[in-house]
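Q: quick one: sequence and predicted model below, then my questions.
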Amino acid sequence: MNRRKLLGSIVSLAAATLLAPPLVRAEGAKADSDLPTMEVWKDPSCGCCKDWVSYLEKDGFKVIVHDTGNNAMRRRLGLPMKYASCHTALIGGYVVEGHVNAPEIRRMLKEKPDALGLSVPGMPVGSPGMDGPVYQGRKDPYDVVLVNKDGSHKVYQSYHR
């Protein structure tokens, strides 16, 4: 490609980008420019995973979803199975497994602990994404745990209602 065509392509791309309408987000969602983009791996038919992603988007997170399942990514990221849930995410170099609350994700990104990431093992009813009408307001107690690089953990936040 000659320089003139390359320059024309760059100018066209820049103009298209500047004139393009903004991306549409979930109602009430406002992207927080201070947050890194989160990638989520989940099963394409999992409704609670979809609800968790919507919850995060409404809280200002930018999310890219991979509907490929999460088992292979969980293994690749080194998260032990005892912390497993139905979706695995990566944000700012940290693993986020399961129905973790937005405030704890923000806290982790701010504090930058020397850890693998956060997990809400299992699928506790009442956690974000597991709080739909089908559960009739039920809220089971659960912990958000900080998973250390050696596989140990500590409670990062308790939700015991």
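A: Here it is on my side, so go on. Numbering: from 1, shown residues only.
Q: next up, phi/psi of the nearest residue to Lys149 once chain neighbours are set aside, please.
A: Closest residue to Lys149 apart from its sequence neighbours, by C-beta to C-beta, 6 or more residues apart in numbering: Leu116 at 5.3 Å. C-beta coordinates here come from the backbone N, C-alpha and C atoms, glycine included. The phi/psi pair for Leu116 (degrees, to the nearest 10) reads phi -70, psi -40.
Q: identify the residue nearest Met81 in space, chain neighbours excluded?
A: Closest residue to Met81 apart from its sequence neighbours, by C-beta to C-beta, 6+ apart: Arg74 at 7.9 Å.
Q: how about the strands in this protein?
A: 38-42, 63-66, 87-91, 94-98, 117-120, 142-147, 153-159 (DSSP state E).
Q: any chance of those strands in CSV, with distance to Pro80 and mean neighbour count too?
A: Converted to CSV, these look like this (distance: least, C-beta to C-beta, whole Å; neighbours: other C-beta atoms under 10 Å):
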stretch, distance to Pro80, mean neighbour count
strand 38-42, 17, 21
strand 63-66, 21, 15
strand 87-91, 12, 25
strand 94-98, 10, 25
strand 117-120, 9, 27
strand 142-147, 8, 22
strand 153-159, 9, 15
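Q: export these to a markdown table and tack on mean pLDDT and distance to Asp131?
A: Compiled in a markdown table, those are given as follows (pLDDT from 0 to 100; distance: least, C-beta to C-beta, whole Å):
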| stretch | mean pLDDT | distance to Asp131 |
| --- | --- | --- |
| strand 38-42 | 97 | 17 |
| strand 63-66 | 98 | 18 |
| strand 87-91 | 98 | 15 |
| strand 94-98 | 98 | 14 |
| strand 117-120 | 98 | 12 |
| strand 142-147 | 98 | 12 |
| strand 153-159 | 97 | 11 |
